[in-house]
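Visitor: predicted model and sequence follow; I will ask about them next.
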Amino acid sequence: MTPTSWKNGVIAHCRRNNIAFIAYSPVGGHFGKAQVEHNPTLKKVGQQIGATPFQVSLAWLLRKSDVIIPIPGASRIESALSSIAAMDLELNDQSMAVLDRAFPT
């Protein structure tokens, strides 16, 4: 969950210039989703707020920057609806600090 786009300055550039950053495959895609699903930090925060690790990762991205637009893929309607629910998650400052330590940008 630590995209190189933070490290190489792309997101900072987008923020400075009010450009949307499309986060393609934000929860790992077909091959990386197991890492998100089994990540202990995402699971712990998810348990605290009643969300899946995938929803937590999407909510984290949405709160990190208003220029980030995550576009998770979904092969089932349930997955799409679950991703949409991440928009309504409230990650408090403590949860954000835990996630930021686990996934430094």
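Guide: The structure has been received and is ready for your questions. Numbering: from 1, shown residues only.
Visitor: list the contacts of the lengthiest helix in the chain.
Guide: Identified as the longest helix of the chain according to DSSP state H is helix 53-64. Outside of helix 53-64, the residues within contact range by Cβ atoms under 8 Å, 6 or more residues apart in numbering are 1, 23, 26-27, 33, 36-39, 42-43, 45-46, 49, 51, 68, 70, 72, 82-83, 85-87, 89, 91, 96, 99, 103, 105. C-beta here means a position set from N, CA and C on the backbone, and glycine is covered the same way.
Visitor: now, the residues you listed that are in helices?
Guide: Short answer: these in helices (DSSP H) are 33, 36-37, 42-43, 45-46, 49, 82-83, 85, 96, 99.
Visitor: can I get the buried part of these as one PyMOL selection?
Guide: Buried members of the ones in helices among the contacts of helix 53-64, defined by 16 or more other Cβ atoms under 10 Å, are picked up in PyMOL with:
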select buried, resi 33+36+42+45+46+82+83+99
